[in-house]
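>>> return atomic coordinates for the entry below.
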Amino acid sequence: MAASHPVSYSARIPDQKGFDEAVRTILRQIGEDDEREGLVQTPRRVREAWHYLTSGYAQDPQEILRKALFHEECNEMVMVREIELYSLCEHHLLPFFGKCHIAYLPAGKIVGLSKLARVVDVFARRLQVQERLTTQVAQALFETLQPLGVGVVVEARHLCMMMRGVERQNSLAVTSCLLGEFETNPKTRSEFFELVGRKPAL
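Below you'll find the model as predicted:
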C-alpha cells in the first residue's frame, strides 16, 4: 500500500557519528581535505540537511489526511494546482523539483486543502522516482478520502539529466495517475487535464 507505516528517522539512521564519518569518507574519496576550515562542519550540515530532506519517512500521509476530513455534500471537482515539490532521485541522490496538480471528486467527504500539499511533501521527502511519487500521492488520497476519483499530475526537472548524463537543461518529465472516474469517465478525465493545462494522451 502507498501509505504504509513509515520508519522513524532515528530508527533508520541511529548512528550520527557513523553518518558524519561516511560524509568525511566521500569528501576524501573525491580528493578533498575533510579537515580544512570550509569542510570541518560539512558532515554535520549534511546530516541535518538529510534529516529534513528525508523526513517523509517519519510521517504517515493517511494520518495527516484523516485529521482534516469533513463531511460535505460536494459533487464538483476539487483541484489544487502547482503545488511545489522538491525530492531526491534514488538513482543518483540528486534533486528533482517541480509542481504537482491534484484533483478529486468528493463522495460525501472533503479534506482541508493544505493537507493535499502536506501529502505531496510526505512522499517527496523520501528517496524517489517521479513515477512512484505520482502514484503514491494518488493512492493515499483515494484510500483515505474514498472519493469517486482522483487525478494527479507531476511535472518535474531532474538534475541527474541536467547536470550529468545527457545534460538536457530544458527537459521536463510529466507523469500522471488517474483513479476511479478520472480513469473511467472520459468527460472527467478531459476536464481534469484541461484544468491542469495539458491535453490528455490519446
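
>>> measure residue 152 to residue 193 for me?
Residue 152 is 12 Å from residue 193, where distance means C-beta to C-beta, to the nearest Å. Every C-beta, even on glycine, is put in place using the N, C-alpha and C of the backbone.

>>> looking at those two, which has the bigger crowd around it?
Neighbours per residue (other C-beta atoms under 10 Å) separate residue 152 from residue 193, with residue 152 holding more: 31 against 20.

>>> can you tell me the SS state at the more buried one?
The three-state label given to residue 152 by DSSP: H, G, I helix; E, B strand; the rest coil is strand.

>>> partners of it in the sheet?
When bridges are called by DSSP bridges, residue 152 pairs up with residue 102, residue 177.

>>> show me what contacts it?
The contact partners of residue 152, by C-beta atoms under 8 Å, 6 or more residues apart in numbering, come to 100, 101, 102, 103, 134, 135, 137, 138, 141, 176, 177, 178.

>>> and the longest helix seen in the chain, what does it pack against?
In the chain, assigned by DSSP state H, the helix with the most residues is helix 130-145. In terms of contacts (3 or more C-beta pairs under 8 Å, 6 or more residues apart in numbering; DSSP states H and E), helix 130-145 is packed against helix 61-66, strand 78-89, strand 95-105, strand 109-111, helix 113-124, strand 149-158, strand 173-180.

>>> how far off helix 113-124 does the second one point, in degrees?
Per axes from the mean of the first three to the mean of the last three C-alpha atoms, to 10 degrees, the angle that strand 78-89 makes with helix 113-124 is 20 degrees.

>>> tell me which residues of strand 78-89 are tucked away?
Buried residues in strand 78-89, counted by 16 or more other C-beta atoms under 10 Å: 78, 79, 80, 83, 85, 87, 88, 89.

>>> make a markdown table out of the residues you listed and add pLDDT and distance to residue 109.
Converted to a markdown table, the buried residues of strand 78-89 look like this (pLDDT from 0 to 100; distance: C-beta to C-beta, whole Å):
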| residue | pLDDT | distance to residue 109 |
| --- | --- | --- |
| 78 | 96 | 11 |
| 79 | 96 | 16 |
| 80 | 96 | 16 |
| 83 | 97 | 20 |
| 85 | 97 | 25 |
| 87 | 97 | 28 |
| 88 | 97 | 33 |
| 89 | 96 | 34 |
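
>>> that's all I had, so thanks and see you.
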